[in-house]
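[1] Kindly return the folded structure for what I paste below:
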Amino acid sequence: MVDKHDRYYLTPAEKLVMRIIWLSDKEMVLNEILRACNEQYGKNWKSQTVSTYLSHLVQKEYLCMERNGKYCQYKPIVTVVEYLRYDAGNFSDYWGVDRERFRDFVREESKSPDSEGKHLVNRI
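    Reported below is the predicted structural model:
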């Protein structure tokens, strides 16, 4: 059972925002994240909606926000591999898959030359 009070718990919308940021090659600003959400995932979100999700992710310490002039740049604190290890436990519990076997899969895949785990996210 997923504990919504767990630090690592993400709502589906927060996962989508984090996926965009994890797959990016650079720090992102609000407008870039908004555009990606709407274009890549067929959302019709407004900037305030995405700003709220980003604020939650900063509070949960998933993201670091840095001001650069009038823009705020966001970069991940929690890596995709850290999150997938957490999520693997929830996945295996929910589907009745052997937890250690699934974690071993995630661990092996995370050893790819791609240090940020983008390869792993794209495979999943």
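[2] The residue nearest to Leu16 when sequence neighbours are not counted and Arg35, how far apart?
    Leaving aside its sequence neighbours, Leu16 sits nearest to Tyr41 (CB to CB, 6 or more residues apart in numbering; 6.0 Å). (Each C-beta comes from the backbone N, C-alpha and C, glycine too.) Distance of Tyr41 to Arg35, given as CB to CB, to the nearest Å: 11 Å.
[3] Which parts of the protein are strands?
    28-29, 63-68, 71-76 (DSSP state E).
[4] what's the average pLDDT for stretch 15-34?
    What stretch 15-34 shows for mean pLDDT is 96.
[5] Kindly report the same for stretch 39-46.
    97.
[6] Could you do stretch 63-71 as well?
    Rounded mean pLDDT across stretch 63-71 is 94.
[7] buried set for it?
    Residues of stretch 63-71 classed as buried by neighbour count (16 or more other CB atoms under 10 Å): Leu63.
[8] CA-only coordinates of it in CSV, if you can.
    Extracted in CSV, the C-alpha atoms of stretch 63-71 (Å, rounded to 0.1, in the frame of the first residue of the first chain):
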residue,chain,number,x,y,z
LEU,A,63,13.9,19.7,-6.9
CYS,A,64,16.2,22.6,-6.2
MET,A,65,15.0,26.0,-7.4
GLU,A,66,17.6,28.7,-8.2
ARG,A,67,16.7,32.2,-9.3
ASN,A,68,18.5,33.5,-12.4
GLY,A,69,17.3,37.0,-13.0
LYS,A,70,13.5,36.9,-13.4
TYR,A,71,13.4,33.2,-14.0
